[in-house]
Every structure is written in C-alpha cells, then in structure tokens.
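Visitor: A structural model of the following input is requested.
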Amino acid sequence: MPNEGSYEVALERSNRIRTDLPEHPERYTMLTGDRPTGRLHLGHYFGTLQSRVELQNMGVHTNVLIADYQVITDRDTTEHIRDNVYNMVMDYLACGLDPDKTMIYTHSSVPAANQLMLPFLSLVSEAELSRNPTVKAEMEASGHELTGLLLTYPVHQACDILFCKGNVVPVGRDQLPHIELTRTIARKFNKRYCKDTKPVFPMVNALLSDTPLLPGLDGRKMSKSYGNAISISMTPEETAERIKKSQTDGERMITFDPENRPGVSGLLSTAAICTGRSEVEIAEEIGMSGAGALKKYVTEAVNNRFAEIRERRHVYENDLDYVKDVLAEGNRRANEIAEATLAEVCEAMGMTY
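Guide: All right, here's what the predicted structure looks like:
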C-alpha cells in the first residue's frame with residue numbers, strides 16, 4: 001500500500017479532483033502565486049497562468065498571491081519589487097485573470113495571514129523543516145546560507161494556503177513536500193484545538209500539473225537569469241531579437257533531439273506549444289531550410305499566439321491607476337478573509353482577538 005504522503009497517493013487524489021471539478025467547481029478554493037522577481041515569461045503562461053484562468057472560468061474560488069515577502073528568502077535586495085508587482089498584475093489581467101472572480105493580493109499587505117506563522121510554527125519540528133527537499137534545493141541554487149526565513153518558507157506557504165481555507169493548490173511534483181507539510185499543520189491544529197468543535201482548516205490537496213515544463217530557447221530550464229526566456233510583455237520586435245540571438249548549432253538539417261541538439265530543440269518546443277503542433281512535425285516541415293527558417297517560424301508562432309494578450313497588456317500599461325485599484329481591492333478582500341480566519345484560530349486556541 002502506498003505511503004499516505006507518496007506521489008502515487010497525491011496523484012490519485014489529484015485525478016479525482018480533476019474529474020469532480022467540472023461538476024462541482026464551487027467545492028474548491030484554489031491558492032497559487034508567484035514571487036515578483038521579474039517579468040513573467042512563456043514558461044509561466046503555459047505552466048500555470050493558462051490553467052489558473054481555466055479554473056477561474058470554471059467557477060473555482062480562485063486566489064492568486066504575489067509573494068513579495070518571499071523575495072528575500074534568497075535575495076539581498078528588494079530593488080524593483082514594486083515595479084515587478086505592478087507588472088505582474090498587468091500580466092495576470094492580460095492573460096485573462098478577472099479581478100471580479102479572482103482575488104489578487106500581496107503578502108506584505110495581509111498581516112493577519114502572516115500572523116498565522118506563530119501558531120503554525122508550534123506545530124512543526126526542526127527536523128520536519130530541515131528535511132524539506134525544496135528548501136535544500138533553493139538554498140543550494142541561491143548560494144546563500146540557510147536563513148530562518150528560508151527554513152520556515154514551507155510554513156509561510158501553509159499560511160498562504162490556509163488563511164483563505166484553500167483546499168487545492170496547483171503544483172508540480174517537486175512541490176509536494178510543501179503540500180504535505182500544509183496538510184500536517186492543518187491536521188495537527190484541528191486535532192489539538194478543535195476537539196469539540198468544527199475543524200478550522202480543510203485538508204489540502206495538490207492539483208498536479210500534467211503540462212510538461214517548457215524549456216528555454218537554449219534547451220536549458222527557462223530562466224530570466226539565463227537570458228533564454230521570452231517575456232509575456234515583450235514587443236514583437238523584442239521577441240524577434242531574442243529568438244534571433246539564440247544559439248543553435250552548425251547542422252543545417254532541423255531535427256528534434258533535446259539531448260544532442262538542445263538549442264534547436266528548445267526553439268522547436270517553443271513553436272510547438274504556441275501552435276499546438278508537435279516538435280517532430282515542425283522539424284520535418286523546415287527540414288534543410290536551416291536555423292534561419294526555424295527562428296523565423298518560432299518568431300511568427302510566438303507573436304501570433306500572444307498578439308491579443310500583448311494588446312490587452314498595452315492597455316493596462318497605460319492605466320496604472322486601474323492596476324493599483326485591482327491590487328488594492330484584492331488586498332482589501334484578502335485582509336477581510338485573513339482577519340476572519342485569525343479570529344477563528346484565536347477562538348479555537350482560547351485567546352482574545
């Protein structure tokens with residue numbers, strides 16, 4: 001029998017939820033979000049933004065967090081963070097998130113949600129925090145020492161999920177340890193403080209993504225730091241220039257071979273996901289026409305796929321007051337929910353609030 005916290009069990013739960021979602025979307029409250037460390041790119045769109053819009057339009061209670069506090073888990077500066085937050089809201093709106101249906105808010109603006117850290121920290125051990133593989137990976141990637149904030153990052157994430165009574169979180173397999181810790185915190189809190197009353201927190205489940213990760217233009221992981229990502233906010237000209245500068249190889253025949261031809265294959269993957277065609281089909285069509293023809297094809301595919309999104313985004317770029325209003329309203333709603341949840345927590349714990 002699979003372990004309760006195993007991938008197999010999580011996948012089974014996720015599949016049941018996906019089957020139930022179209023019939024009963026009102027049963028689900030979804031929490032997801034991003035750190036405002038720069039402009040969102042195509043990997044974000046196909047990996048998460050597209051599915052968030054689908055869930056929103058399905059009728060799921062949708063909450064999207066801009067995790068500004070989490071920027072300092074592995075960075076020494078918050079330079080440009082306000083600009084990044086506003087640009088993130090513009091990307092969200094342009095991609096189809098509707099502020100009337102989706103609550104968009106920032107960490108730093110919801111103190112009651114962050115206040116849940118104190119009781120939640122009392123429910124986890126140092127060993128549980130230290131063995132979280134995602135925390136270890138992020139620490140190694142950043143080159144920083146293990147700070148208190150990075151160590152307790154999974155608990156902060158539990159606060160994000162549970163303050164709004166979230167019960168589904170779209171994640172990849174690598175994020176499952178965070179979800180399992182959130183489930184542990186919810187279970188322990190309910191058992192310890194809600195023996196004779198209704199549980200305060202729901203059980204949280206991962207909604208596992210079935211979308212493969214989109215590689216960058218060079219075949220590596222798509223990342224702003226590698227310069228291999230196409231931002232949603234780029235102009236058609238900037239997109240063309242980024243693709244033109246991407247590295248391929250000296251072989252004229254275009255083939256899809258991610259291991260031996262990462263640059264060519266990265267370009268083919270980008271074209272494929274933007275057109276709905278397969279990488280092999282596109283490669284066969286271009287054939288001996290070479291890298292120049294491939295880059296032209298990819299440029300047209302990206303610019304055609306994102307033309308409407310970029311047009312909408314341009315409208316928001318020229319209406320910053322509206323963007324600020326969207327964020328202010330999201331923060332207001334988030335505070336209202338967080339205050340109510342914190343009051344429940346204090347009542348369950350026998351504290352005044």
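
Visitor: Check which element follows the helix-or-strand element of the chain with minimal mean pLDDT along the chain.
Guide: When each helix and strand of the chain is scored by mean pLDDT, DSSP states H and E, helix 133-142 comes last, with a mean of 73. Counting by DSSP states H and E, the next helix or strand C-terminal to helix 133-142 is helix 148-151.

Visitor: Flag every buried residue along that next one.
Guide: The neighbour-count check on helix 148-151 (16 or more other CB atoms under 10 Å) flags 150-151 as buried. (C-beta placed from N, C-alpha, C; glycine too.)

Visitor: now swap in stretch 33-46 and tell me
Guide: Neighbour counts over stretch 33-46 (16+ other CB under 10 Å) mark 33-46 as buried.

Visitor: so where do the helices sit in the stretch 151-300 of the chain?
Guide: 153-163, 176-193, 236-244, 262-275, 279-286, 290-305 (DSSP state H, counting those that start in this stretch).

Visitor: How about the stretch 1-150 of the chain?
Guide: According to DSSP H, counting those that start in this stretch, the stretch 1-150 of the chain carries its helices in the segments 7-20, 42-44, 50-58, 81-95, 111-115, 117-121, 126-130, 133-142, 148-151.

Visitor: Indicate which one of these is closest to residue 175.
Guide: helix 133-142 (6.5 Å; CB to CB).

Visitor: How about residue 187: what's its closest non-neighbour residue?
Guide: With CB to CB, 6 or more residues apart in numbering as the criterion, residue 187 has its nearest non-adjacent residue at 7.3 Å, and that residue is residue 203.

Visitor: In contact with that neighbour: list those residues for me.
Guide: 167, 183, 186-187 (CB atoms under 8 Å, 6 or more residues apart in numbering).

Visitor: Backbone dihedrals for it, both of them.
Guide: In terms of degrees, to the nearest 10, the main-chain angles of residue 203 are phi -80, psi 130.

Visitor: Compute the distance between it and residue 90, please.
Guide: 35 Å (CB to CB, to the nearest Å).

Visitor: hang on, the earlier thing: any idea which of the helices of the stretch 1-150 of the chain gets closest to residue 289?
Guide: helix 42-44 (23.6 Å).

Visitor: Return the distance of that closest one from the chain's centre.
Guide: Put simply, helix 42-44 sits 10 Å off its chain's centre (CA atoms, centre = their mean, to the nearest Å).

Visitor: Identify all contacting residues around it.
Guide: With contact meaning CB under 8 Å, 6+ apart, helix 42-44 is reached by 34, 91, 213-214, 216, 222, 229-232, 270, 273-274, 302.

Visitor: any idea of the mean pLDDT for it?
Guide: Helix 42-44 shows a mean pLDDT of 94.

Visitor: Averaged pLDDT, the helix ranked longest in the chain. What do you get?
Guide: Longest helix of the chain, by residue count under DSSP state H: helix 320-349. Computed over helix 320-349, the mean pLDDT rounds to 98.

Visitor: name the helices or strands packed onto that helix?
Guide: With contacts taken as 3 or more CB pairs under 8 Å, 6 or more residues apart in numbering; DSSP states H and E, helix 320-349 sits against helix 81-95, strand 102-106, helix 111-115, helix 153-163, helix 176-193.
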